[in-house]
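Engineer: Need coordinates for the below:
(one chain, ligands or ions: 1)
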Amino acid sequence: MTALLEVSGLTKRFGGLVAVREAAFSVNEGEVMGLLGPNGSGKTTTMNLISGSLKPDTGSVRLEGRDIAGRRPHAIARGGIARTFQLVRVIDDMSVRENVISGLAFRENPLWGVSANVEAEKLLARVGLGGRGGVFAAELTYVDQKRLELARALALSPRLLLLDEWLAGLNATELDGGIDLIHSLANEGVTILMVEHVMSAIRRLCSRCVVMNAGAVIAAGETAAVMAEPAVISAYLGDEDD
Ligand SMILES: Nc1ncnc2c1ncn2[C@@H]1O[C@H](COP(=O)(O)OP(=O)(O)OP(=O)(O)O)[C@@H](O)[C@H]1O
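Structural biologist: Residues are numbered from 1 along each chain as shown. This next block holds a predicted model:
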């Protein structure tokens, strides 16, 4: 397998706090990889460094061999990395369709007019929001807003999709639907790096995982093997959600 994303020596300080310390891992083309760790271990900061929301102090982030560390978020998005956020970010007073169209306008080959409408409908159907394009985003339930955010991320035709706790806050039925949806995207060939606390979802979706603790990567490899590592078990003691 070839590495689609390669992170090495990635470090980010906030004042005296080292939020991410010399992090190194890679995500292979076509895989769903988990980014795990207890609260405050540096997962979201790592996602922010990859997506350009934050600039690293040192280190590199290579997408297909090209270093993108420190580039601006829209340039990175156009270059093929899309993301969802821990706190859902949809544009409440725009329709569901317009939210997706806003994503289509920002991709490398932007779509406008009729073709944007057609593509938006396809993307909405893909995430289970077929026929809902005309309602305001604010009218959607929480899980449907999450689906919408995913559709907008997919509108960028990403090479790599970053999901930051996309499954958090869903009830059992919604969680099953969410896992199936991520699974279907993976089957379509979308490469995914997901921060997640829901262990059952990680076991079902992620072939490999990276585990962080206190800013450092403490384990990486096949999910079952990583979960069994003593350092991971002790980092997680009392922190597992399910
Ligand atoms: N903008 C910031 N300014 C100062 N400190 C920050 C900032 N963002 C994150 N931190 C700190 O960096 C550390 C890592 O935070 P981060 O959000 O990356 O952890 P996390 O693993 O994603 O946690 P959680 O699972 O709770 O979301 C924490 O100690 C956090 O308080």
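
Engineer: Could you use CA atoms for every contact and neighbour count after this?
Structural biologist: OK.

Engineer: For the chain, what lies in contact range of the ligand?
Structural biologist: Within the chain, the residues that sit near the ligand (CA under 6 Å from any ligand atom) are F14, A19, G37, P38, N39, G40, S41, G42, K43, T44, T45.

Engineer: pLDDT, neighbour count and secondary structure added to the residues you listed, as TSV?
Structural biologist: Converted to TSV, the residues of the chain next to the ligand look like this (pLDDT from 0 to 100; neighbours: other CA atoms under 10 Å; DSSP: H, G, I helix; E, B strand; the rest coil):
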residue	pLDDT	neighbour count	secondary structure
F14	97	9	strand
A19	98	21	strand
G37	95	27	coil
P38	93	19	coil
N39	92	14	coil
G40	93	13	coil
S41	95	20	coil
G42	97	26	coil
K43	96	28	helix
T44	95	20	helix
T45	97	21	helix
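
Engineer: okay but L4 is in contact with D67, surely?
Structural biologist: No. Judged on CA atoms under 8 Å, L4 makes no contact with D67 at a distance of 11.7 Å.

Engineer: the more surrounded of those two?
Structural biologist: Higher neighbour count among L4 and D67: L4, with 19 against 15, using other CA atoms under 10 Å.

Engineer: and the more buried one, what are its phi and psi?
Structural biologist: With angles defined as degrees, to the nearest 10, L4 sits at phi -80, psi -40.

Engineer: low-scoring stretches of this structure, by residue?
Structural biologist: The chain contains residues with pLDDT under 70 at 1, 237-242.

Engineer: All the strands of it, in order from the start?
Structural biologist: For the chain, the strands defined by DSSP state E occupy 3-14, 17-28, 32-36, 58-63, 66-67, 81-83, 160-164, 191-195, 208-213, 216-222.

Engineer: Could you tell me the angle between the second one and strand 160-164?
Structural biologist: Using axes from the mean of the first three to the mean of the last three CA atoms, to 10 degrees, the direction of strand 17-28 lies 140 degrees away from that of strand 160-164.
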